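Student: here is the input, now give the coordinates:
(2 chains)
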Amino acid sequence: MEDSKKTLNFIEEIIEEDIRNGKHGGRVHTRFPPEPNGYLHIGHAKAICLNFGLAVKYKGKANLRFDDTNPVTEDTEYVEAIKTDIRWLGFDWEDREYYASDYFERLYQFALQLIDTGKAYVDDSSSEEIAAMKKGPTEPGIESPYRNRSADENHQLFLRMRAGEFPEGSKVLRAKIDMTSPNMHLRDPLLYRILYKEHHRTGNKWCIYPMYDFAHGQCDSIEGITHSICTLEFENHKPLYNWFIRELGIFPSQQYEFARLNLSYTVMSKRKLLKIVNEGLVEGWDDPRMPTIAAFRRKGYTPASIRNFASLVGVAKRDNVIDLSLLEHSVREDLNKIALRMMVVKDPLPVTLTDYKLNGELVEIENNPEDESQGTRPVTFSRNLLIEREDFMEDAPSNFFRLKPGGMVRLKGAYIILCNEVVKDAHGRILELKCSHIPESRSGNDHSGIKVKSTIHWVDAGTSIDVELKLYDRLFRVEDPNGEDDFMQFINPESLEIVKYARAEAALQKPDPGKHYQFVRLGYFKLDHGFRDGVPVFNRTVTLKDGWAKSKHKSN
RNA sequence: UGACCCAUGGUGUAACGGUAGCACUACAGAUUUUGGUUCUGUCUGUUAAGGUUCGAAUCCUUAUGGGUCAACCA
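Tutor: Residues are numbered from 1 along each chain as shown, chains lettered A, B, ... in the order given. Below is the predicted model:
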């Protein structure tokens, strides 16, 4: 959406070929089909951008369709969350909000049609018996003893299944295809099961529910979907998808599969994410350490950065693990242009300017050096300041450019200062720095002639305020934690660091919840849900790139 | 050991029989009142073996490696 690449991905190639051939009158109609049983994650974001993006690019349409055929796991809570996320990403399904459950009656009629043409039968076998008769992929299955009931008997039985005359699990409807097929999905797949469960939309109207395979393709067909795009694991379902369309003689939607997104240092399966939530390892689905869209939103990502990321990762058929750094690159790129700069000191070290005689003054500092139109703001400067503790080093190596005894550094937007004395307590902990300033070095009017190697951030001790900072790290310690059962052992125990009392310039007293900030040299931040005991709480969206930290890491 | 799918630098992704390119990462340098940004440069790649061809990442064969499928989940 952001950029139209010159080269096409394989789905775009198919679409352009179809348009050239006048297939479906050159019409392009896609759909995004979430199951409302969990929150959307960054992998879904890729699928959303793909489906809705294709519709935009080829002047077609994209539907939102909830695949709600399993009343046991689905809920309206998820429906609302999903809609919020898609809208936030910037996509619009207009009036095309559909539900598989809207089509239950038509799907039921489709089932009767298959029964009457001898293509489906009611099976009384238990689920264990059915599994046993299917056998494994390397050997042919065997046919059910109920497979050759007459169309008429099947018809009557299916009517009675719907009427609620049979207990849950006692009967299923199956397609009659081929029990010896090497493709397991073609070994008489289940179409309907009996389930006495209330559905979040249809209530108790139904006690039989269609399976995914019997619902999805037919829903596509009903909606006139031209390109039904799904992930690779449905590749083996395609012959079945096509079989239903052919046997029913309905609109021939076509399925295309692409590789789902995997991100390093996290997991993407709903089951695993649910487990992390349920075991209380995070606050919830929108905890900023989660890979959900809601979490990225709360953490301070922008919709544009996620859309751009989706475009950067591309669309192909090979399994992939995308570097987290690509996502971070994408959000930094966006935030650098829009974020308001502010100064916040995470770990304050008092600095007293012993030669500063004024009763304080205001210095003007730019709000965004990348964008002059964002203007400047006045910041209070005085004799008593706070700087970052790690910006001072007593025995500094030669490549440490910040403050050291007898050394000079510029305070961002203000003066160059000189460190004269280090005040310590009995344990040797540094309590305070006594410094002097160079009056002629004032920012914007510097005629001191002095060049310093570094500029550091600071706040005025008297007027600064407390803020809380929530600093996040990757959820998992290892790049690919996707082991089946042991993934929990790779959880990063230090994925959240809370700085309860950082000191911020006074302007942050009334933070704008809609704005993205850059706390100079600390990273990009966004207001979390609000305040804790009157103290504003900020989530760190992402750090700034830090060459110094890297070189330090290397020499260690 | 059945069927289907996939294989290009560290990670992704292009090249549609004719110069292996782009992004991220990493590294080096320049600029910089954020060790940020910006700019410049460098490193690293066609899984293997055969075949077709004047010419193969691309087509064919085989091998190897990886993924998916045996839920009354989607």
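Student: tell me where the stretch 351-500 of chain A has helices.
Tutor: When assigned using DSSP state H, counting those that start in this stretch, the stretch 351-500 of chain A turns out to have no helices.
Student: grab the nearest non-local neighbour of the closest residue to RNA strand B within the stretch 351-500 of chain A.
Tutor: When distances are taken as Cβ to the nearest atom of the strand, the stretch 351-500 of chain A reaches nearest to RNA strand B at A:S443, 2.8 Å away. All C-beta atoms are positioned from the backbone trio N, CA, C, and that covers glycine. In space, A:S443 comes closest to A:G413 once its chain neighbours are excluded; the distance is 5.0 Å by Cβ to Cβ, 6 or more residues apart in numbering.
Student: OK, contacts around the one you found?
Tutor: By Cβ atoms under 8 Å, 6 or more residues apart in numbering, the contact list for A:G413 reads A:363-366, A:379, A:443.
Student: give me the subset of those residues lying in strands.
Tutor: A:363-366, A:379 (DSSP state E).
Student: hmm, back to that, what's the burial count for the residue of the stretch 351-500 of chain A closest to RNA strand B?
Tutor: A:S443 has 18 neighbouring residues, counting by other Cβ atoms under 10 Å.
Student: please tell me how far the nearest residue to A:D460 once chain neighbours are set aside sits from A:E364.
Tutor: The shortest distance from A:D460 to any non-neighbouring residue, by Cβ to Cβ, 6+ apart, is to A:T380 (4.3 Å). According to Cβ to Cβ, to the nearest Å, A:T380 stands 12 Å off from A:E364.
Student: picking that back up, would you agree the residue nearest to A:D460 is in contact with A:I465?
Tutor: No - at 11.5 Å, A:T380 and A:I465 do not qualify as touching, with contact defined as Cβ atoms under 8 Å.
Student: mutual contacts of these two, please.
Tutor: Counting by Cβ under 8 Å, 6+ apart, the residues touching both A:T380 and A:I465 are A:505-506.
Student: before we move on, the earlier item: show me how to select, in PyMOL, the buried members of the ones in strands among the contacts of A:G413.
Tutor: To isolate the buried ones among those in PyMOL, judged by 16 or more other Cβ atoms under 10 Å, type:
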select buried, chain A and resi 363+365+366+379
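Student: for the ones in strands among the contacts of A:G413, give me TSV that also has distance to RNA strand B and pLDDT.
Tutor: Shown next, in TSV, are these (distance: Cβ to the nearest atom of the strand, whole Å; pLDDT from 0 to 100):
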residue	distance to RNA strand B	pLDDT
A:V363	9	98
A:E364	11	97
A:I365	8	98
A:E366	8	97
A:V379	11	98
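Student: between the ones in strands among the contacts of A:G413, which is closest to A:V331?
Tutor: A:V331 has its nearest neighbour among these in A:E366, at 21.8 Å by Cβ to Cβ.
Student: off-centre distance for stretch A:460-471?
Tutor: Centroid separation for stretch A:460-471 versus its chain: 30 Å, with Cα atoms, centre = their mean, to the nearest Å.
Student: hmm, back to that, ok, now which ones touch the residue nearest to A:D460?
Tutor: A:360-362, A:460, A:462-463, A:505-506.
Student: separation between A:L50 and A:E257?
Tutor: Taken as Cβ to Cβ, the span from A:L50 to A:E257 is 12 Å.
Student: so the two - more neighbours on which side?
Tutor: A:L50 (21 against 18).
Student: and the more buried one, how far from A:R377?
Tutor: A:L50 is 41 Å from A:R377, by Cβ to Cβ.
Student: show the pLDDT at A:A549.
Tutor: pLDDT, A:A549: 85.
Student: contacting residues for it?
Tutor: Contacts of A:A549 (Cβ under 8 Å, 6+ apart): none.
Student: break chain A into its domains for me.
Tutor: Following automatic domain parsing, one finds the domains of chain A at A:2-258, A:270-340+A:467-555, A:348-366+A:376-456.
Student: quick one: which of those domains is nearest A:S264?
Tutor: Of the domains of chain A, nearest to A:S264 by Cβ to Cβ is domain A:270-340+A:467-555, at 4.7 Å.
Student: let me know the secondary structure of A:R31.
Tutor: Three-state assignment for A:R31 (DSSP: H, G, I helix; E, B strand; the rest coil): strand.
Student: find the residue closest to it in space, skipping its chain neighbours.
Tutor: A:N63 (4.1 Å).
Student: phi first, then psi, for that neighbour.
Tutor: Dihedral pair for A:N63: phi -100, psi 150, per degrees, to the nearest 10.
Student: count of neighbours near it?
Tutor: 23.
Student: contacts only, for it.
Tutor: By Cβ under 8 Å, 6+ apart, the neighbours of A:N63 are A:29-32, A:93, A:96-98, A:223, A:225.
Student: measure stretch A:401-412 end to end?
Tutor: 14 Å (Cα to Cα, to the nearest Å).
Student: which residues touch stretch A:436-444?
Tutor: With contact meaning Cβ under 8 Å, 6+ apart, stretch A:436-444 is reached by A:353-356, A:363-365, A:408, A:410, A:413-418, A:420, A:446-448, A:450.
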